[in-house]
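Student: let me see the structure of the following:
(2 chains)
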Amino acid sequence: MKVGAAPLFLALLAPLLIAADKPVLVPDISARQVQIRYSFTGAQLLLFGAVVYPGGRPPDRQVDIAVVLRGPVQPILVREKMKIAGIWMNADSNRFRSAPSFYAVASSRPIKDLLDERTAAIYELGLHNLQLSPGGGALPEKERRFEAGLLDLRSRQDLYQENSQGVEINGGVLYRAVITIPSQVPVGTYTAETFLIDRHKVVAAATRDIQIDKSGFERYVALAARRHRLLYGLTSVALSLALGWAAAAAFRRRF
Amino acid sequence: MDIYLPIAGQSVNALLIIVLGFLVGLLSGMFGVGGGFLTTPLLIFYGIPPTVAVASAATQITGASVSGVMVHMRRGGVDLKMGGVMIVGGLFGSFVGAGLFRLLQASGQIDVVIGFLYVLILGWIGGLMFLESLKSLGFLKTEDAEQTRPRHNRWVASLPYRWRFHGSGIYISPVAPFALGFLAGTLTVLLGIGGGFILVPAMIYLLGMPARVVIGTSLVMILAVSGVTTMVHAITTRAVDVVLAALLLVGGVIGAQYGAILALRIKPDMLRLALAVIILLVALRMALGLAWRPDEIFSIEYL
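Tutor: As a prediction, the model looks like this:
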């Protein structure tokens, strides 16, 4: 009994020891806040950081990094057009309760080479693993069709991006990825997630928040349109009347 | 030069929008139409969300028609009494239009209905104007040239309670211009158009108003109804983008001035022929849009 106690004790402790031996991600973003001003045409975010290995030495094999930037989730209704009696009209629709308004994933290798399908689905890595929560109890076939339509539409608007060579790893320790945000993204809190993937397993993860907000005049106008509707409407009409009158007055001499 | 639109939530090329406003303003001043039937589709084509495009186009129509109204006012080309009756009709029409808009939006068929109405109305009015102006320009032989046409439409003449409209020099029932205003008001909210291209021919062919006062009076009507529409949109859809409207206005009001000057130098029949061709082209484009496979099969609606 005394002979076997020490190895057994070590065996029980092993998971804890290994956990302490796991590498740690130290991520950062080039901007914690993105201000939307009059000249905003989109933004480039640099997601970078370092991997701190226990003992300070990276392993000999290649490890991989995937970064995900996602915008606030919105409930949406996707409509599909069909040709009915010679006219293209909306024929069918499907509801998605949790479609991210923006989703960009960048990785050092294609996601399907990094993780098995189940793990990728758990971490929502890759466009086809997004949890969109379709509603309405539709047939799975129809749901797939609408999901493909949504992904295709938003991909072409650059609202959904997947870049399998978007992460650059230097010396197995430093990583960097550039993600471009188009100008039509909604405001809100965005999250940047970083995953360290080693031998088909996620071994470390870290999350940072980014605020995207309108500022200055743009913020003022957006707030006014929401809170003081009547005043905003009157101002718009007054502005158009004033501009119209000014032009007429300026051109009066020409007659 | 890119500028961010706070309500539309995206950036656009400011110069392009100003030029678009100028061209539409030019038409507005020349023909007495609001030009919404061009602004709205072009803005949507540029990628502006449809509700924002419709709402902001209404604002631009107001501005473009102010300068037009002032020009025509000075020339005595406005029948204020007739305009007043049509405005009252237009106000009722815009509320009905707002109700219809919500109903159609909920059913998801708003795009098709808008497209269909555009093709139907633009094709019909454009075709009518095209033939008429060809006849009066002498390009087309008319068979019934000898037959004297009645001054007013038979239906309009049969309506009761006739009023005397001194500005136009006609004696008709106010029900006719009221109904016309109602129709234009409904279309303003529903289609984001001023309704001028319907008002102008209807005032000439149905009410028998002299061409001298038609453009000015229709502009007064458009001014009032588009102003109300802007308010309706600001309160219900909250889709009026004041920055987009201002950009459109800067081009639009200047364009309207040049348009009004041009209108004085060109033969009225030629002017009508040109407007007919533009309307028919827009109708054709819309018809193709309905029948051709659209670029986007799927569309997203936010809940």
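
Student: and residue B:235, how far is that from residue B:51?
Tutor: Per C-beta to C-beta, to the nearest Å, residue B:235 is found 13 Å from residue B:51. The way it works is simple: take the backbone N, C-alpha and C, and place the C-beta from them, glycine included.

Student: higher neighbour count, the two?
Tutor: residue B:51 (20 against 14; other C-beta atoms under 10 Å in any protein chain shown).

Student: contact partners for that one?
Tutor: B:233, B:237, B:239 (C-beta atoms under 8 Å, 6 or more residues apart in numbering or on different chains).

Student: in helices, which of those appear?
Tutor: Judged by DSSP state H, helices contain the following of the contacts of residue B:51: residue B:233.

Student: list just the nearest of the contacts of residue B:51 to chain A.
Tutor: residue B:233 (7.5 Å; C-beta to the nearest C-beta).

Student: check whether that closest one really touches residue B:239, as I assumed.
Tutor: Yes. At 5.7 Å, residue B:233 counts as touching residue B:239 under the criterion of C-beta atoms under 8 Å.

Student: what is in contact with these two at once?
Tutor: With C-beta under 8 Å, 6+ apart, residue B:233 and residue B:239 have common neighbours B:51, B:54, B:55.

Student: what about stretch A:46-65, start to end distance?
Tutor: Its first and final residues considered, stretch A:46-65 spans 14 Å by C-alpha to C-alpha, to the nearest Å.

Student: an error on my part: the question was meant for stretch A:95-104.
Tutor: Terminal residues of stretch A:95-104 are spaced 22 Å apart (C-alpha to C-alpha).

Student: so residue B:100 sits in a helix?
Tutor: Yes. Counting by DSSP: H, G, I helix; E, B strand; the rest coil, residue B:100 is part of a helix.

Student: roughly how far apart are the residue nearest to it when sequence neighbours are not counted and residue A:217?
Tutor: Residue nearest to residue B:100 in three dimensions, not counting chain neighbours: residue B:190, with 6.0 Å by C-beta to C-beta, 6 or more residues apart in numbering or on different chains. Residue B:190 sits 32 Å away from residue A:217, going by C-beta to C-beta.

Student: what of residue B:262?
Tutor: 36 Å.

Student: which ones are touching residue 85?
Tutor: By default, I'm working from chain A. If you count contacts by C-beta under 8 Å, 6+ apart, residue A:85 has none.

Student: I was after chain B.
Tutor: By C-beta under 8 Å, 6+ apart, the contact set of residue B:85 is B:174, B:177, B:178, B:181.

Student: quick one: pLDDT of the first one?
Tutor: At residue B:174, the pLDDT value in this model is 80.

Student: what count of nearby residues applies to it?
Tutor: For residue B:174, the count of nearby residues is 19 (other C-beta under 10 Å).

Student: wait, it touches residue B:161, no?
Tutor: Yes. Applying C-beta under 8 Å as the test, residue B:174 and residue B:161 come out as touching, 6.8 Å apart.

Student: go ahead and list the helix or strand containing residue 118.
Tutor: All of this is about chain A. Assessed by DSSP states H and E, residue A:118 sits inside helix A:117-122.

Student: sorry, should have said chain B
Tutor: Using DSSP H and E, residue B:118 falls in helix B:110-137.

Student: same deal with residue A:62?
Tutor: Here residue A:62 is assigned to no helix or strand, by DSSP H and E.

Student: list the contacts of it.
Tutor: Contacts were defined as C-beta under 8 Å, 6+ apart; by that measure residue A:62 touches residue A:172.

Student: so residue A:229 touches residue B:234, yeah?
Tutor: Yes. Residue A:229 lies in contact with residue B:234 (C-beta under 8 Å); the separation is 5.4 Å.

Student: shaky segments in chain B?
Tutor: Applying pLDDT under 70 to chain B picks out residues B:32, B:34, B:140-158, B:160, B:167-168, B:192, B:194.

Student: one more time with 90
Tutor: B:1-12, B:23-86, B:90-91, B:93-181, B:183-240, B:249-303 (pLDDT under 90).

Student: the helices in it, which residues?
Tutor: B:14-31, B:36-46, B:50-74, B:80-107, B:110-137, B:154-157, B:175-191, B:196-205, B:211-235, B:242-265, B:268-291.

Student: coming back round to it: also near chain A: which of the contacts of residue B:51, exactly?
Tutor: residue B:233 (C-beta under 8 Å from any C-beta of the partner chain).

Student: and which of the contacts of residue B:51 is nearest residue A:150?
Tutor: residue B:239 (23.1 Å; C-beta to C-beta).

Student: ok, the closest one - contacts?
Tutor: With C-beta under 8 Å, 6+ apart, residue B:239 has these contacts: B:7, B:49, B:51, B:52, B:54, B:55, B:56, B:233.

Student: how far away is it from residue B:230?
Tutor: Look at residue B:239 and residue B:230: by C-beta to C-beta, they are 10 Å apart.

Student: intersection of neighbour lists for those two?
Tutor: Common neighbours of residue B:239 and residue B:230 (C-beta under 8 Å, 6+ apart) are residue B:55.

Student: the stretch 151-300 of chain B against chain A: which residues are in contact?
Tutor: So the stretch 151-300 of chain B meets chain A at B:227, B:230-231, B:233-235, B:238, B:240, B:242-243, B:245-246, B:249-250, B:253-254, B:256-257, B:261, B:290-294, B:296-300 (C-beta under 8 Å from any C-beta).
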